[in-house]
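Undergrad: turn this into a structure:
(chains A and B)
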Number of protein chains: 2
Amino acid sequence: MRKKSPQRLIAVLVFLVFLTGCKKEQAKEETPTKKAEESALSDPLPSWNDGKTKTAILDYVKDVTNSDSPNFIPVKDRIATFDNDGTLWSEQPFYFQLFFALDQVKAMAPKHPEWKNKQPFKAVLENNMGELMKQGKTGLLQIVAVSHAGMTTDEFESNVSKWINTAQHPTKKKLYKDLIYQPMLELVKYLQDNQFKVFIVSGGGIDFMRAWAEDVYGIPKDQIVGSTLQAKYNYNNGQPTISKLPALDFIDDKEGKPVAIEKYIGKKPVFAAGNSDGDLQMLEWTASNKYKNFELYVHHTDSIREWAYDRKSEIGKLDKGLDEGKAKKWEFADMKTDWKIIFPEN
Amino acid sequence: MRKKSPQRLIAVLVFLVFLTGCKKEQAKEETPTKKAEESALSDPLPSWNDGKTKTAILDYVKDVTNSDSPNFIPVKDRIATFDNDGTLWSEQPFYFQLFFALDQVKAMAPKHPEWKNKQPFKAVLENNMGELMKQGKTGLLQIVAVSHAGMTTDEFESNVSKWINTAQHPTKKKLYKDLIYQPMLELVKYLQDNQFKVFIVSGGGIDFMRAWAEDVYGIPKDQIVGSTLQAKYNYNNGQPTISKLPALDFIDDKEGKPVAIEKYIGKKPVFAAGNSDGDLQMLEWTASNKYKNFELYVHHTDSIREWAYDRKSEIGKLDKGLDEGKAKKWEFADMKTDWKIIFPEN
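TA: So this is what the prediction gives:
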């Protein structure tokens, strides 16, 4: 399960071609979060509209946590796995981690005057996405190398923390960390309240997510699984550090997700949520659990409040998963009809 | 941090030379477990003799869990990591996982009549450890390959479960799973009761440990970290499996331990326990925590009730760690004097 080429990140670059065709959106919400919170006392999923999906979730959790039910699941086997990009937060016009990488290059540029005339950095500094595209995989790996490696884990975490607390999405004009899905936050909490152990299993970088997701989602760092770079321990005469190396270790996507689940968790999930074909194997793996299980696809259908995309999107493509999920009667959270609000309102 | 050669397992083979010099031991305990359990109400560590080590543990936990103390540690940062072989259970005359591998070869032999005349299997089937030694690393890898790979994760788990519930230690004449340390079980539980999240971080195989350690130690599977083989997801027309491949992925020993801690846990421990030089880097990493921290070495000093070994042992060698630990005033659990009983009495 070791992929040598960062195909997922390449997909990002491919998508950059389509960036100019990106639609304008309104950040419009129907219901204030405060109101949602007030009704949470009686309804654990107040931001979900009543309907088939919400009912299915509530019925499932009530059933498998009822010790008198034949479908009861012991607490220690209540494992739930959630994809991140497109499932817990937005991922358009491209994965937010790539925005981070580009921003890091810009922030580091003053110390690297030579980048002004050296690709792929020149393209980044000039916001020339067309030129960046031409740099291909080799160029992207150079950007990943300078933004994600060649530093200690502490330094990287500090960089991500600063960025996540200040950087704004180019069109939504909100902090990236505010582009998380309120209905999914409620779902995570509802499962946790019912003694499910909730994990993130994402193609995104493990260290990138851990720098903020524990606080933002309420999911402990050790329950966040993602793609990894290789790393090295250095003792430094009693001041040990771990340095991040510019070499891929594991890509946590597609067939990699069940493998990562086995490696990090060691148990098959009973509940899994994703939004793309990259999550299909995780959902299949979950569907093969001997316990009653639940497979959820978030379907991006709301071009006004978020984005609408599926089969033909370069980012978060949902094509095979749409067919297989429908055929197998997995649940779909239709953003437009199932979610009262999309993002939390602070 | 990717080691291509299984140096740790080679050390096992080297040690086999010394097997014939193995001492005879008595399985003698001073205090019944039941009595220990009764006094646990007032004393969380009833199998520990009063003394410096026990006092240090109790004082540390009381201090860092006291919200009025300057040394208070928030619950989410109470990470404790324990080595397994030699720290939570015995590891002599060699790692129990190697006994498992040899037993598996014997169990599989009827389906492989050719093994009678083919090394290294011939040596295993004839209990000819001298000959097995001569087969070196290549031979050992063949034994690992047939006993740990070429099957699904479910099949492997089933094999380990059967073995752990039936196989007896050659000289102690107890089940291997009963050769766990009662005082360390109490320490794990004491930390858990004080809202520490306890992990195993061991050089042993991650799948091997997870097959039994959750039940035996009360540590969830996803909090068990160890060495890994590569793995592959197979869909099988709707019946997905993950197969274990005969190729090393990661050796979780020495410098690998802090790297694995960062990868699996994402936080520096505040409490770490080990017994060998293979744990030294994990203890150094823990000692660099900004929070008040605790480093514990289990020192095998009891040749009667368990085994006595340190600087010159091929298995569980404690040499550099002994010097560094003493110099840094880390705590040592002296088995002979600190532990009232060693193994649980059922």
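Undergrad: check contacts around the spatially most central residue of chain A.
TA: The centre of chain A sits closest to residue A:84, judged by CA atoms, centre = their mean, with a distance of 1.9 Å. By CB atoms under 8 Å, 6 or more residues apart in numbering or on different chains, the contact set of residue A:84 is A:200, A:202, A:204, A:209, A:213, A:226. (Glycine included, C-beta is placed from N, CA and C.)
Undergrad: give me the distance between the most far-flung residue of chain A relative to its centre and chain B.
TA: Within chain A, residue A:237 marks the point farthest from the mean C-alpha position, 37.8 Å out by CA atoms, centre = their mean. Separation of residue A:237 from chain B (CB to the nearest CB, to the nearest Å): 11 Å.
Undergrad: cool, residue A:260 as well?
TA: Residue A:260 is 10 Å from chain B, by CB to the nearest CB.
Undergrad: could you check the angle the helix or strand hosting residue A:243 makes with strand B:241-250?
TA: Following DSSP states H and E, one finds residue A:243 within strand A:241-250. With axes from the mean of the first three to the mean of the last three CA atoms, to 10 degrees defining the directions, strand A:241-250 sits at 140 degrees from strand B:241-250.
Undergrad: check whether strand A:241-250 comes near chain B.
TA: Yes: contact between strand A:241-250 and chain B is present through residue A:242 (criterion: CB under 8 Å from any CB of the partner chain).
Undergrad: what helices or strands is that strand leaning on?
TA: Packing partners of strand A:241-250 (3 or more CB pairs under 8 Å, 6 or more residues apart in numbering or on different chains; DSSP states H and E): helix A:136-148, strand A:151-152, helix A:153-164, strand A:224-234, helix B:256-264.
Undergrad: list the buried residues of that strand.
TA: Using 16 or more other CB atoms under 10 Å in any protein chain shown as the test for burial, strand A:241-250 gives A:241-245, A:248-250.
Undergrad: what sits up against that strand?
TA: A:1-4, A:6, A:141, A:144-145, A:148-154, A:156, A:207, A:227-234, A:256, A:260, B:258-259, B:262.
Undergrad: what's the pLDDT at the closest residue to residue A:157 other than its chain neighbours?
TA: Residue nearest to residue A:157 in three dimensions, not counting chain neighbours: residue A:211, with 4.7 Å by CB to CB, 6 or more residues apart in numbering or on different chains. The model reports residue A:211 with a pLDDT of 98.
Undergrad: could you tell me the phi and psi values at residue A:211?
TA: phi -70, psi -20 (degrees, to the nearest 10).
Undergrad: tell me the spacing between it and residue B:167.
TA: Distance of residue A:211 to residue B:167, computed by CB to CB, to the nearest Å: 44 Å.
Undergrad: the more surrounded of the two?
TA: residue A:211 (24 against 15; other CB atoms under 10 Å in any protein chain shown).
Undergrad: can you give me the strands in the stretch 201-346 of chain A?
TA: Taking DSSP state E, counting those that start in this stretch as the test, the strands found in the stretch 201-346 of chain A are A:224-234, A:241-250, A:271-274, A:294-299, A:331-334.
Undergrad: comparing those, which comes out most buried?
TA: strand A:271-274 (a mean of 29; mean count of other CB atoms under 10 Å in any protein chain shown).
Undergrad: what packs against it?
TA: Using 3+ CB pairs under 8 Å, 6+ apart, strand A:271-274 sits against strand A:79-82, helix A:182-193, helix A:280-287, strand A:294-299.
Undergrad: buried residues, stretch A:161-177. List them.
TA: Quick answer for stretch A:161-177 (16+ other CB under 10 Å): A:163-164, A:169, A:172, A:175-177.
Undergrad: can I get it as PDB, trimmed to CA atoms?
TA: Backbone C-alpha positions of stretch A:161-177 (Å, rounded to 0.1, in the frame of the first residue of the first chain) are rendered in PDB as follows:
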ATOM      1  CA  SER A 161      -1.300  26.900  14.200                       C
ATOM      2  CA  LYS A 162      -0.500  30.500  13.100                       C
ATOM      3  CA  TRP A 163      -1.900  29.900   9.600                       C
ATOM      4  CA  ILE A 164      -5.200  28.200  10.700                       C
ATOM      5  CA  ASN A 165      -5.900  31.000  13.100                       C
ATOM      6  CA  THR A 166      -5.400  33.800  10.600                       C
ATOM      7  CA  ALA A 167      -5.700  32.600   7.000                       C
ATOM      8  CA  GLN A 168      -8.900  33.300   5.100                       C
ATOM      9  CA  HIS A 169     -10.500  31.400   2.300                       C
ATOM     10  CA  PRO A 170     -10.200  33.400  -1.000                       C
ATOM     11  CA  THR A 171     -13.900  33.500  -1.900                       C
ATOM     12  CA  LYS A 172     -15.800  32.600   1.300                       C
ATOM     13  CA  LYS A 173     -13.800  35.300   3.200                       C
ATOM     14  CA  LYS A 174     -13.900  33.200   6.400                       C
ATOM     15  CA  LEU A 175     -11.100  31.500   8.300                       C
ATOM     16  CA  TYR A 176     -10.600  28.000   6.900                       C
ATOM     17  CA  LYS A 177     -11.300  26.600  10.300                       C
END
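Undergrad: quick check, nearest of the buried residues of strand A:241-250 to residue A:280?
TA: Of all the buried residues of strand A:241-250, the one with the least separation from residue A:280 (CB to CB) is residue A:250, at 18.4 Å.
Undergrad: give the bridge partners for the closest one, please.
TA: Using DSSP bridges, the beta-bridge partners of residue A:250 come out as residue A:228.
Undergrad: show me what from the stretch 151-300 of chain A comes close to chain B.
TA: So the stretch 151-300 of chain A meets chain B at A:153, A:197, A:199, A:206-207, A:210, A:214, A:220-224, A:228, A:230-233, A:235, A:238-240, A:242, A:255-256, A:258-259, A:262-267, A:281, A:284-285, A:288 (CB under 8 Å from any CB).
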